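K.L.:
From the sequence below, what's the structure:
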Amino acid sequence: MSARSSQPLHTGGCLCGAVRYEVRGPLREVVVCHCQQCRRTHGHYAAYTASKARELVLTGFRELKWYQSSTHARRGFCAQCGASLFWQRLGSDSICIAAGTLDEPTGLATTRQVYVADAGDYYDIDADLESFPGSMEED
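P.N.:
Sure thing, here's the model as predicted:
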């Protein structure tokens, strides 16, 4: 994740401020994930945007830790406050960013939801969003 000469389009960080970042490129609209891993990581379903990994610049990262949560992905979080910040498929040139960690205004909208077949039994699925039973790639 290298720096680029352009100014950040978006900034964000964790709850305690130990991890801060800039995104120096466009962000994808927000996708909500209902999978069990996201629900356990976030305490509820997760809302992620995404950017090219090279356009994510860490400006404060002393407490950033990575956890390989499956054979195909890793999750970045703050070791100080526990905030979940990133999800990245191993070997991918893009990175997902927890939408709630962005500084406002984001200018983003939630447009899709994935893994709706795995949704928790304590909430309803938003019928107004484009939905996929699993990932967008598999469906």
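K.L.:
What is the neighbour count of Gln36?
P.N.:
11 (other Cβ atoms under 10 Å). To be clear about C-beta, it is placed using only N, CA and C from the backbone, and glycine gets the same treatment.
K.L.:
Okay, it and Ser94: tell me how far apart.
P.N.:
Distance of Gln36 to Ser94, given as Cβ to Cβ, to the nearest Å: 23 Å.
K.L.:
And Trp66, by the same measure?
P.N.:
For Trp66 relative to Ser94 (Cβ to Cβ), the value is 16 Å.
K.L.:
Kindly report the same for Ala127.
P.N.:
Plainly put, Ala127 is 28 Å away from Ser94 if you go by Cβ to Cβ.
K.L.:
Next: Lys65.
P.N.:
When Lys65 is compared with Ser94 (using Cβ to Cβ), they lie 20 Å apart.
K.L.:
Could you pull out the helices in the protein for me?
P.N.:
36-42 (DSSP state H).
K.L.:
Now do the same contact list for Gly82.
P.N.:
Applying Cβ atoms under 8 Å, 6 or more residues apart in numbering, we find Gly82 in contact with Leu15.
K.L.:
Need phi/psi at it.
P.N.:
With angles defined as degrees, to the nearest 10, Gly82 shows backbone torsions of phi 90, psi 0.
K.L.:
Could you report the pLDDT at it?
P.N.:
According to the predicted model, the pLDDT of Gly82 comes to 97.
K.L.:
hang on, Gln50 packs against Leu27?
P.N.:
Actually, residue 50 is Ala. It isn't Gln. Yes - Ala50 is within contact range of Leu27, at 6.9 Å (criterion: Cβ atoms under 8 Å).
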